[in-house]
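> Can you look at this prediction? I've put the sequence above it.
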Amino acid sequence: MGLLALGLFISLSSSIGDSLYLNRDYFNAITEYKRSLFYGDQDSIVLFRKIALSYYKRGKFEDAMEYYSRAYYNAGSREIGLLFALASIRAGIFQSARLILEDQVDSFSLILKAVSFGLSEEYDSASKILLVLGYPVPTELRMKRVVELASRFIPGLGLLFIGDFSLFCGTLIASGAGGYLTYYYVKRRLYYEAVTSGIPLFLRFYNGGQWNTRTRMKIAVRKYFTGILKVLEDDLLEREERSLFNQK
């Protein structure tokens, strides 16, 4: 294959890849971009980014990380670094994201770092960044210790704090029944029945109230940070598509 023919083939392959990407055929777009990359396209950084973005769109976040890392360590662009960190967070590799964002002090990088802490359940670190940036700290985080302590004193009370009234009532009634049954057995000196029936019933719902409180708090906090991540993600991906495909 002559040099001119090779150049035309590479250009055609990349153009086909772009057409496939814009038609949301990300799987075949990746194939065309890799073909172009194999034949030595001069602008490999752009191809790395296109392959990474296509993998990201397919939900293949670790593959996206691989190609963003190639682009990042060859180009060192802040924008590529943000995309690399975003893919790392989506892949659940939070430490990688924080290493990339470590020296960044702009608000976008900091909130992305806060999200990585929040989704990895390192709530204190996440809250500190939120406060610095003026973001609201979720009620579940601000009241975390109070809610957990309340659940220890009154079964399920923490659920009331986080708005789950029906589950709080169920937990309180069931654990109360277990407590009353234990008292009933002990009063009549039925100690075996108290140990084997009354106490286990009480502990089941008492501990269940604490577990449910923690679980629902985590779900609410995760939803909060996932919501922020979605806004950041939409912004970053839109900017990347405009840059790569000359979209206005």
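Sure, I can see it.
> Run a quick neighbour tally on V115.
Using other C-beta atoms under 10 Å as the criterion, V115 is surrounded by 28 other residues. Using the backbone N, CA and C atoms, a C-beta is placed for each residue, glycine as well.
> Next, the contact list for it, please.
Residues in contact with V115 (C-beta atoms under 8 Å, 6 or more residues apart in numbering) are 89, 126, 225, 228-229, 232.
> same check, this time on A64
Shown in contact with A64 (C-beta under 8 Å, 6+ apart): 52-53, 55-56, 87, 90-91.
> Equivalent analysis for L149, please.
Contacts of L149 (C-beta under 8 Å, 6+ apart): none.
> What are the buried residues along the helix or strand it falls within?
Here L149, judged by DSSP states H and E, is contained in helix 144-153. For helix 144-153, burial by neighbour count (16 or more other C-beta atoms under 10 Å) applies to 144, 147, 150-151.
> how about the helix or strand following that helix as CSV, C-alpha atoms only?
Moving toward the C-terminus from helix 144-153, the next helix or strand (DSSP H and E) is helix 157-161. Presented in CSV, the C-alpha positions along helix 157-161 are these (Å, rounded to 0.1, in the frame of the first residue of the first chain):
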residue,chain,number,x,y,z
LEU,A,157,-35.7,6.3,66.1
GLY,A,158,-33.0,7.1,63.6
LEU,A,159,-35.4,6.1,60.8
LEU,A,160,-37.8,8.9,62.0
PHE,A,161,-35.0,11.4,61.7
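> Return the list of helices and strands in contact with helix 157-161.
Under the contact definition 3 or more C-beta pairs under 8 Å, 6 or more residues apart in numbering; DSSP states H and E, helix 157-161 sits against helix 144-153, helix 165-187, helix 199-245.
> Can I get the ones you listed in a markdown table including distance to A29 and mean pLDDT?
Shown next, in a markdown table, are the helices and strands packed on helix 157-161 (distance: least, C-beta to C-beta, whole Å; pLDDT from 0 to 100):
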| stretch | distance to A29 | mean pLDDT |
| --- | --- | --- |
| helix 144-153 | 44 | 78 |
| helix 165-187 | 47 | 87 |
| helix 199-245 | 11 | 90 |
